[in-house]
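Novice: The following comprises the amino acid sequence and a computationally predicted model.
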Amino acid sequence: MLSSPGVMACSRTCSRILGLSLGTTALFAAGANTVLLFPNWDVSYLLRGLIGKQAMLGSGLWGGGLMMLTALLSSSLAFLGALICFITSGVALKDGPLCMFDASSFNQMQAWKYGYPFKDLHNRNYLYDRSLWNSVCLEPSKAVIWHVSFFSILLCVSLLQILLVVIHFINSFLGLFCSLCEK
């Protein structure tokens, strides 16, 4: 009977102990490999290349340390992905869309070109000046509306993902260390 309360509590306790043990051993492995790079706490050996191949390979850092911690904290990868999406969307909204525009109005020699016409507007912000939306970008049609709409959606969704990952991490942390998941 796998769904009995005793088995579930034992499973949660075992998961907590395993998680804590794996996390602790990962930190010890990374620490031990780091110490191997500094014999007698002297950095000169590392700077002169006088460290053994196995210590330089760093298997304690990436194998026993980083991979274990990544497995335990996979939500950190989700957080990183959401953060990258958030930053990229913000920069995209700041720079504006890639479109064909009349460069002669920007004091350049070539009349029509593809580029980011809103990127170098120092005195006006295209996000607040909707008169620029249909007058600057000639192709693709409605490029600004498309760009602003979908990058705004990505910005909001990635912010929600960041919040959800943080909540998930806090819940996992509390469940692992504080035993709050038991009744």
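Specialist: Thanks, I have it. Residues are numbered from 1 along each chain as shown.
Novice: now the helices for the protein?
Specialist: Under the criterion DSSP state H, the chain contains helices at 5-36, 44-47, 53-57, 59, 67-72, 75-95, 143-177.
Novice: same for the longest one, what does it pack against?
Specialist: Spelled out, it's helix 143-177. helix 5-36, helix 75-95 (3 or more CB pairs under 8 Å, 6 or more residues apart in numbering; DSSP states H and E). C-beta coordinates here come from the backbone N, C-alpha and C atoms, glycine included.
Novice: among the ones you listed, which gets the worst mean confidence?
Specialist: Mean pLDDT is lowest for helix 5-36 out of the helices and strands packed on helix 143-177, coming in at a mean of 65.
Novice: Find the residue at the geometric middle of this protein.
Specialist: residue 80 (1.6 Å; CA atoms, centre = their mean).
Novice: Distance-wise, check that one relative to residue 118.
Specialist: 29 Å (CB to CB, to the nearest Å).
Novice: circling back to that earlier point, how close does the residue nearest to the centre of the chain sit to residue 92?
Specialist: Residue 80 is 18 Å from residue 92, by CB to CB.
Novice: can you check residue 54 too?
Specialist: For residue 54, the distance to residue 92 (CB to CB) stands at 45 Å.
Novice: neighbour-wise, which of the two wins?
Specialist: residue 92 (19 against 11; other CB atoms under 10 Å).
Novice: which residues touch that one?
Specialist: Contact analysis of residue 92 by CB atoms under 8 Å, 6 or more residues apart in numbering lists 147, 151.
Novice: any low-confidence regions in this protein?
Specialist: 1-19, 21-23, 52-53, 55, 59-60, 63-65, 67-73, 105-110, 171-172, 175-183 (pLDDT under 70).
Novice: Please repeat the previous calculation with a cut-off of 50.
Specialist: 1-4, 6-8, 10-11, 180-181 (pLDDT under 50).
Novice: Go through stretch 34-45 and flag the buried ones.
Specialist: residue 36 (16 or more other CB atoms under 10 Å).
Novice: change the start of the numbering to 13 and stick with it
Specialist: Done: numbering now begins at 13, and the last item shifts to stretch 46-57.
Novice: so how far is the first residue of that stretch from its last?
Specialist: 13 Å (CA to CA, to the nearest Å).
Novice: ditto for stretch 44-61
Specialist: 19 Å.
Novice: so how far is it off the chain centroid?
Specialist: When distances are taken as CA atoms, centre = their mean, to the nearest Å, stretch 44-61 is centred 31 Å away from the chain's centroid.
Novice: Can you tell me how far the residue nearest to the centre of the chain is from residue 128?
Specialist: Residue 92 is 26 Å from residue 128, where distance means CB to CB.
Novice: Could I get the contacting residues of residue 97?
Specialist: Contacts of residue 97 by CB under 8 Å, 6+ apart are 166, 169, 170, 173.
Novice: For stretch 96-109, buried residues please.
Specialist: Result for stretch 96-109 [16+ other CB under 10 Å]: buried residues 97, 98, 101, 104, 105, 107, 108, 109.
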